[in-house]
Structures are given as structure tokens and as C-alpha cells.
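In: I'd like to go over a predicted model; first the sequence, then the structure.
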Amino acid sequence: GAVVSQHPSWVICKSGTSVKIECRSLDFQATTMFWYRQFPKQSLMLMATSNEGSKATYEQGVEKDKFLINHASLTLSTLTVTSAHPEDSSFYICSRDRESYNEQFFGPGTRLTVL
Amino acid sequence: AQSVAQPEDQVNVAEGNPLTVKCTYSVSGNPYLFWYVQYPNRGLQFLLKYITGDNLVKGSYGFEAEFNKSQTSFHLKKPSALVSDSALYFCAVRDMKGIGGIFGKGTRLHILP
């Protein structure tokens, strides 16, 4: 069964509003989780590393004030897209490491459409 | 800087034939290499990985991949393709710190019945 869940699976919002996406580790406490963005017919782009109890580490070129990440508990990380614009429309995916291994478990993704 | 290249956007293979999905990488130091598969409306799933050891690694669903250090390649292979193998395949590299991952752009595999 799924070990990482995301909610919502899809969301449509108006330009200028903020949207929160939740990522939950269902079976394991994860001190670190990852957020990716996937454009149509393109690869996954790592946006940031979410660290429980501390600030997220953002990849170069990712606006930290635009994409707010909160990792308040060992099983929940949230990504908030603030003042969303149509160019923020994308597929957002979170992941966590498989414990003691190097591969990742991915959530099913969240499709964001900004009108 | 790390990078991963998947030179083919799409690969078409007849059912029962062998398949290869290509991946080359660029990384300083020893690479951690992965293959993931993405089925429609489902999350990415881990297929296999190379960390160290035997250059031929076997993974889920009958897939295998060969690590070739001299050619900096990590091609995904399967001896006999199934229609159910049709999906989007991603090659990824990760550094030794385990920070996230760099993904190739993906290769869509079509297995023709």
C-alpha cells in the first residue's frame, strides 16, 4: 500500500490566492521529505528539502517566499503556493526516503491549476 | 554539477521483444543511480538502484540495469516486454549526501501488442 499520501490530488484556484498541499508519511517518521515539481512532458525538478523542526532547504532558483514549506511533525510536510499565478500551474510531488536505504517513496502528486 | 540524460523521449517495442531504455549520467564521485517508473494517475515507483558492487542490478517486474562506469551509462533492460510495461520511466542520480535527486526528463515506453 501507499506509504506517502498527498492531499488534495488536484486543485483549481484563482490567480492571487494561496494553496496548501499536504504530504504525509503514513508508515514511518520522516525527518526529511522532498518536494518536486513536474512540468508536462518534462522531468521532476527538486524544489526543496523539507526538514522537520527547521527551515527547508531550497534549490537554486526556487522562490522560498513563493513556495512556503512547513514540516511541523515527523509525518507531515506542507507546501503552500502563495499568491498563485497561472505559471505556477504544475504537478507537485513529495517524497521521503525509504528508511536506511537510498531510494525514495513518492506521493501520488497534486495537480495545481491556477486560473 | 550532476546531470542525467535520457536521449529518447519515446521507445516503442513489440510485446515479447527485449527492451532498452537509455540513461547516461554525469556526477563527481561515485554515483548512486536509480530507475523509477510512473504509471498514469499513480506515483513514481522504485524499480532498481546501483550503489556499489555488481554492475548488473536486478529490480522489480523483471527489469535490470547495467552500470557502465567507462561509458557513464545505466541503461534499463528487460528480456521480454509486456504490454503492462508501458509507462514513463525516469533515471535518477543522487549524491552521497542523499540530498533529493536529479532526474532525467523521462522516456515513455510503449509496448505494442
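Out: Alright, I've got the coordinates.

In: residue boundaries of the strands in chain A?
Out: Remark: strands assigned in chain A by DSSP state E are A:4-7, A:10-13, A:19-25, A:32-38, A:44-51, A:57-58, A:67-73, A:76-81, A:90-97, A:104-106, A:110-114.

In: Out of these, flag the one nearest residue B:8.
Out: Judged by Cβ to Cβ, the one of the strands of chain A that comes nearest to residue B:8 is strand A:44-51, at 17.6 Å. C-beta here means a position set from N, CA and C on the backbone, and glycine is covered the same way.

In: which residues touch the closest one?
Out: Under the contact criterion Cβ atoms under 8 Å, 6 or more residues apart in numbering or on different chains, strand A:44-51 has outside partners A:23, A:31-39, A:56-59, A:62, A:64, A:67, A:69-71, A:77, A:79, A:93-94, B:44, B:90, B:99-103.

In: Would you mind getting the angle between that strand and strand A:76-81?
Out: Taking axes from the mean of the first three to the mean of the last three Cα atoms, to 10 degrees, one finds that strand A:44-51 is oriented at 120 degrees with respect to strand A:76-81.

In: Convert the C-alpha atoms of strand A:44-51 to PDB, please.
Out: Output in PDB follows, covering the C-alpha atoms of strand A:44-51 (Å, rounded to 0.1, in the frame of the first residue of the first chain):
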ATOM      1  CA  LEU A  44      10.900  16.200 -12.000                       C
ATOM      2  CA  MET A  45      12.600  19.200 -10.600                       C
ATOM      3  CA  LEU A  46      13.700  19.100  -7.000                       C
ATOM      4  CA  MET A  47      12.300  22.300  -5.400                       C
ATOM      5  CA  ALA A  48      13.300  21.900  -1.700                       C
ATOM      6  CA  THR A  49      14.200  19.600   1.100                       C
ATOM      7  CA  SER A  50      11.800  19.800   4.000                       C
ATOM      8  CA  ASN A  51      13.400  19.300   7.400                       C
END
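
In: Can you pull up the residues of chain A that come close to chain B?
Out: Where chain A comes near chain B, counting by Cβ under 8 Å from any Cβ of the partner chain, the residues are A:2, A:4, A:34, A:36, A:41-46, A:49, A:57, A:59, A:93, A:95, A:97-98, A:102-109.

In: go with 10 Å
Out: By Cβ under 10 Å from any Cβ of the partner chain, the residues of chain A that approach chain B are A:2-6, A:9, A:32, A:34-36, A:38-39, A:41-49, A:57, A:59, A:93-95, A:97-98, A:101-109.
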